[in-house]
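# Structure of the sequence below:
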Amino acid sequence: MIIIGCGRVGSGLATSLSREHHSVVVLDRSAGAFKRLGDGFTGRTIVGSGFDRDTLIDAGADHADALAAVTSGDNSNILCARIARENFQINHVVARIYDPRRAAIYQRLGIPTVATVSWTIDQVRQWLIPGEARVAWTDASATLHVIEQALPDHWAGRKLSGLEEHGVIRVIGVNRAGEVRLDATEMVGQERDQVLFAVRAGSEDLLIDKLASEAT
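Residues are numbered from 1 along each chain as shown. You can find the predicted model right below:
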């Protein structure tokens, strides 16, 4: 695994993966950034640019299975991600994006992105406007969404399996009072549940309709 950028996110990710015995290479322009890794880090560090071909080859990009571009610059992260995907055919690539407008563009290009600000905004909007389906994650093909929704009060006491639609909508988890449950389809809804759905792209309105439906 290659991590480009050794700031708070990059160093934390590298340290965590190293503890789990993954093979990790961290790239950063500044040698001083590697101090964040601590003594327990067992991977390699390389001073250099994440979009320099020779540096990436030195990092093992020609046989790496994953790359995360998490520098402080959107342009750098996207360029690194595109080079990793297009030039080195790395399967699992993700870029950290600060501008949510750019994140949406690159998701459509098949580059998964993490945009912290937009994620936070979406979480707040879910509580303020529960009738909107806000996408928390999209796969690289942009055909599958993970959507987290606050459960409407009128679904309390009803089986959550009633929100599913075969091949289109599936309940995959419930956050109840801070505890995540994965046996969601067997559960009965409670007030203030946060429900995670896997939804086929284009079926968001159907999910909203189901959430709005009253008991019959």
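# and residue 173, how many neighbours?
18 (other CB atoms under 10 Å). Backbone N, C-alpha and C define where each C-beta goes, glycine included.
# next helix or strand past the helix or strand bottoming out on mean pLDDT in the chain?
The weakest-scoring helix or strand in the chain, judged by mean pLDDT, DSSP states H and E, is helix 116-128 (a mean of 51). Counting by DSSP states H and E, the element after helix 116-128 in chain order, helix or strand, is strand 135-138.
# what element comes up after that following strand heading to the C-terminus?
Sequence-wise, the next helix or strand downstream of strand 135-138 (DSSP H and E) is strand 144-150.
# Can you tell me the SS state at the spatially closest residue to residue 184 that is not a sequence neighbour?
Spatial nearest neighbour of residue 184, excluding adjacent residues (CB to CB, 6 or more residues apart in numbering): residue 171 at 4.3 Å. Using DSSP: H, G, I helix; E, B strand; the rest coil, the structure places residue 171 in strand.
# who's in contact with residue 171?
160, 161, 163, 164, 184, 185, 195, 196, 197 (CB atoms under 8 Å, 6 or more residues apart in numbering).
# mind redoing it with 7 Å?
By CB atoms under 7 Å, 6 or more residues apart in numbering, residue 171 lies in contact with 160, 161, 163, 164, 184, 185, 195, 197.
# So what's the residue count around residue 154?
Residue 154 has 14 neighbouring residues, counting by other CB under 10 Å.
# Surely it is in a helix?
Yes - counting by three-state DSSP, residue 154 is part of a helix.
# ok, now how distant is it from residue 163?
Using CB to CB, to the nearest Å, we find residue 154 at a distance of 12 Å from residue 163.
# Looking at the record's assignment, how would you partition this protein?
The record's domain parsing of the chain by automatic domain parsing lists 2-114, 118-212.
# Pick the most buried one from the ones you listed.
Each of those was scored by mean neighbour count; the highest is domain 2-114, a mean of 18, by mean count of other CB atoms under 10 Å.
# could you give the mean pLDDT of that domain?
In this model, domain 2-114 carries a mean pLDDT of 88.
# hang on, residue 90 packs against residue 63?
No - the pair residue 90 / residue 63 is not scored as a contact, 9.3 Å apart, by CB atoms under 7 Å.
# I'd say residue 6 and residue 35 touch.
No - taking CB under 7 Å as the definition, residue 6 is not a contact partner of residue 35, at 8.8 Å.
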